[in-house]
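Novice: Got a sequence here, can you build the structure:
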Amino acid sequence: MTKQYKKPEDMIDYNKELDTIDGLMSIFYAYNQQNQDENKRWSVWPEWELCLTSMDDALHFEDEVESSELKAKRQHWLSFFEFIYNQDCISYDEYTMTVIGNHGTIFSFDISIEEDCWANPGSMNDYGRKKEEWKRKKEADSAHRWKYHFSQIGFKDAVQHSLGSFWICPKHVPDYGGMQSVHTADSWFCFHKSIDESLPLSMMSLIHLCIDDTEIWKIQFEEDQGTREYIEKMEKEWPGGRPEDYYYQ
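Specialist: The predicted structure is shown next:
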């Protein structure tokens, strides 16, 4: 007997905010529920629902005559949502994704499809409030709309972690375990999206580093160490304060 699966329209809540991780997951899972059940790769692209999101317009509808780049980007998104769906160490709520590393560190960040980036947790809710306020001001003062500038997301590329500020490098990290960081006043670090990769591919790389919970600390500690060495060098060469034109001296 053939198993019956629900129609996507019976699974997706169209009254819900679909630009969130939860919303997008509901769309991709609805179309790939059979593949998931049969332990196959997610391969079915949504028919039209992505029009309700901020995803790149060029990706909304499949076309027989389209570039290999667009086909690859679609597969990146399918692979991304399949991956996070099947990882017990990953959870998500609205825009925020949380990853528990193999050594117990908790990482979290927001995902913005609209801005093609990740950001500090809570950034997207703040972004949404500012955007709505900006719209209200423009509507209330239509004669002077030019005065109102909308501020973009303030903390792009930021990943929050559970080690807190001025963290000690975890003991399991080769070479640096147990060593004190110096220039880490925040409980988050910057991890930049690759300019040569799509957002889902870059996020996959970031998430794998978070799950590994080792190499990411080596990267961050070496960056902190480089900052310390640079500052020490500047203070030694310019004890009275670095001049603005020191590059030319």
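
Novice: Is Arg129 within a helix or a strand, and which one?
Specialist: Element membership of Arg129 [criterion: DSSP states H and E] is helix 123-140.

Novice: where does the chain have low pLDDT?
Specialist: Applying pLDDT under 70 to the chain flags residues 1, 134, 138, 141-151, 234, 238, 240-249.

Novice: what about the strands in it?
Specialist: 90-93, 96-100, 106-112, 117-119, 158-161, 188-190 (DSSP state E).

Novice: May I see the buried residues of the first one?
Specialist: Translated: strand 90-93. Ile90, Tyr92 (16 or more other C-beta atoms under 10 Å). The C-beta positions use only the backbone N, C-alpha and C, and glycine is treated the same way.

Novice: pull the CA atoms of it into CSV?
Specialist: The C-alpha trace of strand 90-93 is given here as CSV (Å, rounded to 0.1, in the frame of the first residue of the first chain):
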residue,chain,number,x,y,z
ILE,A,90,20.9,22.2,16.0
SER,A,91,17.7,24.0,17.0
TYR,A,92,16.1,27.2,15.7
ASP,A,93,13.4,29.6,16.8
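
Novice: partner strands of it, parallel or antiparallel?
Specialist: strand 96-100 (antiparallel) (DSSP bridges).

Novice: quick one on the thing from earlier: ranking the strands of the chain by burial, who's on top?
Specialist: Among the strands of the chain, the stretch with the highest mean neighbour count (mean count of other C-beta atoms under 10 Å) is strand 117-119, at a mean of 26.

Novice: ok so, going back, by contact count, what packs against the helix holding Arg129?
Specialist: strand 106-112 (3 or more C-beta pairs under 8 Å, 6 or more residues apart in numbering; DSSP states H and E).

Novice: What is the neighbour count of the residue nearest to Ser202 when sequence neighbours are not counted?
Specialist: Spatial nearest neighbour of Ser202, excluding adjacent residues (C-beta to C-beta, 6 or more residues apart in numbering): Lys193 at 4.5 Å. Using other C-beta atoms under 10 Å, Lys193 has 18 neighbouring residues.

Novice: hang on, the earlier thing: quick one: closest of the strands of the chain to Ile21.
Specialist: Counting by C-beta to C-beta, Ile21 lies closest to strand 90-93 out of the strands of the chain; the figure is 4.2 Å.

Novice: residues in contact with the closest one?
Specialist: Under the criterion C-beta atoms under 8 Å, 6 or more residues apart in numbering, residues Ile21, Asp22, Met25, Ile84, Met97, Thr98, Val99, Ile100, Ile207 lie in contact with strand 90-93.

Novice: that older thread, the residue nearest to Ser202 reaches Ala119, doesn't it?
Specialist: No. Lys193 is beyond contact range of Ala119, at 10.6 Å (criterion: C-beta atoms under 8 Å).

Novice: any residues in contact with both of these two?
Specialist: Asp157.

Novice: Tell me which residue lies nearest the centroid of this protein.
Specialist: Closest residue to the average C-alpha location of the chain: Trp118 at 2.8 Å, with C-alpha atoms, centre = their mean.

Novice: any idea how far the closest residue to that one other than its chain neighbours lies from His161?
Specialist: Nearest non-adjacent residue to Trp118, counting by C-beta to C-beta, 6+ apart: Phe109, 4.5 Å away. Distance, Phe109 to His161, using C-beta to C-beta, to the nearest Å: 10 Å.

Novice: just checking, what packs against the longest helix belonging to the chain?
Specialist: Taking DSSP state H as the criterion, the chain has its longest helix at helix 215-237. For helix 215-237, the packing partners by 3+ C-beta pairs under 8 Å, 6+ apart come out as helix 199-212.

Novice: got the buried residues for the helix it packs on?
Specialist: Quick answer for helix 199-212 (16+ other C-beta under 10 Å): Leu199, Pro200, Leu201, Ser202, Met203, Met204, Leu206, Ile207, Leu209, Cys210, Ile211.

Novice: So which of the residues you listed is the closest to Leu70?
Specialist: When the buried residues of helix 199-212 are compared against Leu70 (criterion: C-beta to C-beta), the nearest one is Pro200, at 13.5 Å.

Novice: Nice, that's everything, thank you.
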